[in-house]
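K.L.:
Fold the following and give me the result.
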Amino acid sequence: MRIGENISLYTGRNEINSQETGGQTQRKSLYAGRLGLERTDDMIAQRKAKAQQKAMKIVGDVWAGDKAIDQDQRVRRESIKKMAMENKAARDTLSYLQEQQDSLRKKHNMSEESKEEQDLQILLRVERGEVSSQLLKKAAQIREGGLSEYQEQQLALEQEKEYYLDIIDNNNRKILQENAVIRQVALERLKKDPMVEAQKQAEEIMENAGQEILDMIFEDARDRVDEENEERQEQAQKLEEEKQEQEKTLRKEKEQEELAENMPLEEILILDSKQDDIQREIRSMLDKMKLAVEDIKGAMVDQNI
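P.N.:
Coordinates of the predicted model:
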């Protein structure tokens, strides 16, 4: 089980030769079975799984966010494409309307020097947004005098052109905004790649988890060594107590032997005699007790009869 960048942990009963040489790099292998830590296998797996889950969540969240940004960029590009198509259609319509104005001018044989055409140009300038006081005053005077059919037709075409010009103008502003957002996002991604940062965080989480697992293993090993040392100390203390008891018994036996060796023959005979008397007294008491038991049994038999 790999728990770090250059560290692998092996559990179970069989030791695995896992050193890998590549260039100047060597992986370090820790065999938990040698330490008697097979029971930590589940805890290690749980800790590593938890770290992996956390690391995957970080990467997954960033990946999802990155995909959402990609989708947003696609939507913006599609919107730009759609507005560009609308602008093309609007410009085609403007070209058609301009042709209509030119045809109308030819139809009425209008020259640029004619008063009717000059008055029309003043009215068109106002329609296109020029708002000087002098120009507005002239346009009002022209309208008070009444408009010709030609002028009314030209103004109607001009108003229709303004509608499509507004469409193009609004679309162009939106296209500029969308392009600005797209460029800004692209620049931010060049400065800092979220996926790279997320991968670094995930690797850091796994590395920290590996160190925590090592700490847990060695702490468990220390606890086991302490328990074994305590058991050995208790066993040693018990053996020492038994040894002392044996030595005490041997000393007593030796003292008795020395006492017997130094005791006069008469005292030994007297002691033996006393021991014989004691033994006879014990046998006499046992005989009496036996007789008493037989008497009790006999009395019980008589009663039953």
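
K.L.:
Tell me the gap between the helix or strand where residue 75 lies and the middle of its chain.
P.N.:
Secondary-structure element containing residue 75, defined by DSSP states H and E: helix 40-107. Relative to the centre of its chain, helix 40-107 is centred 29 Å away, using Cα atoms, centre = their mean, to the nearest Å.

K.L.:
For that helix, name the packing helices and strands.
P.N.:
Judged by 3 or more Cβ pairs under 8 Å, 6 or more residues apart in numbering; DSSP states H and E, the packing partners of helix 40-107 are helix 149-191, helix 194-262. (C-beta placed from N, C-alpha, C; glycine too.)

K.L.:
Excluding chain neighbours, what is closest to residue 208?
P.N.:
In this structure, residue 208 finds its nearest non-sequential neighbour in residue 51, 7.5 Å apart by Cβ to Cβ, 6 or more residues apart in numbering.

K.L.:
quick one: that neighbour from residue 200, how far?
P.N.:
According to Cβ to Cβ, to the nearest Å, residue 51 and residue 200 sit 15 Å apart.

K.L.:
These two: which has the busier surroundings?
P.N.:
residue 51 (20 against 11; other Cβ atoms under 10 Å).

K.L.:
My guess is the more buried one contacts residue 207. True?
P.N.:
No: with contact defined as Cβ atoms under 8 Å, residue 51 and residue 207 do not form a contacting pair (9.2 Å).

K.L.:
Give me the pLDDT for the residue nearest to residue 208.
P.N.:
Note for residue 51: predicted pLDDT of 77.

K.L.:
Same check on residue 57?
P.N.:
Reading off the confidence values, residue 57 has pLDDT 76.

K.L.:
What is the burial count for it?
P.N.:
When counting by other Cβ under 10 Å, one arrives at 13 neighbours for residue 57.

K.L.:
Kindly report the same for residue 158.
P.N.:
Residue crowding around residue 158 was assessed by other Cβ under 10 Å; the count is 18.

K.L.:
Repeat that for the one 5 residues further on.
P.N.:
Residue 163 sits with 12 neighbouring residues when counted by other Cβ under 10 Å.

K.L.:
Equivalent analysis for the one 10 residues further on, please.
P.N.:
Other residues within reach of residue 173, judged by other Cβ under 10 Å, total 11.

K.L.:
do you know how far it is from residue 83?
P.N.:
In this structure, residue 173 lies at 10 Å from residue 83, with Cβ to Cβ as the measure.

K.L.:
before we move on, what about residue 138?
P.N.:
The separation that residue 138 has from residue 83, given Cβ to Cβ, amounts to 37 Å.

K.L.:
more neighbours, these two?
P.N.:
Using other Cβ under 10 Å, the more surrounded residue of residue 138 and residue 83 is residue 83, with 19 against 16.

K.L.:
so the more buried one touches residue 169, yeah?
P.N.:
No: with contact taken as Cβ under 8 Å, residue 83 and residue 169 are classed as non-touching, separated by 11.3 Å.

K.L.:
what residue lies at the spatial centre of this protein?
P.N.:
Closest residue to the average C-alpha location of the chain: residue 54 at 1.2 Å, with Cα atoms, centre = their mean.

K.L.:
show me what contacts it?
P.N.:
In this structure, residue 54 makes contact with residue 205, judged by Cβ atoms under 8 Å, 6 or more residues apart in numbering.

K.L.:
Start the count at 12 instead of 1 going forward.
P.N.:
With the count now opening at 12, the last piece we talked about shows up as residue 65.

K.L.:
one step back: now do the helix or strand that comes right after the helix holding residue 86: which elements does it pack against?
P.N.:
From helix 51-118 onward toward the C-terminus, using DSSP H and E, the following helix or strand is helix 126-138. Secondary-structure packing of helix 126-138 (3+ Cβ pairs under 8 Å, 6+ apart): helix 144-155, helix 160-202.

K.L.:
by contact count, what packs against the shortest one?
P.N.:
Same thing as helix 144-155. Helix 144-155 makes packing contacts with helix 126-138 when contacts are defined by 3+ Cβ pairs under 8 Å, 6+ apart.

K.L.:
can you state the direction angle for the helix it packs on and helix 144-155?
P.N.:
Between helix 126-138 and helix 144-155, the angle comes out at 120 degrees (axes from the mean of the first three to the mean of the last three Cα atoms, to 10 degrees).

K.L.:
Pull out the buried residues from helix 126-138.
P.N.:
Of the residues in helix 126-138, those buried by neighbour count under the rule 16 or more other Cβ atoms under 10 Å are 128, 130-131, 133-137.
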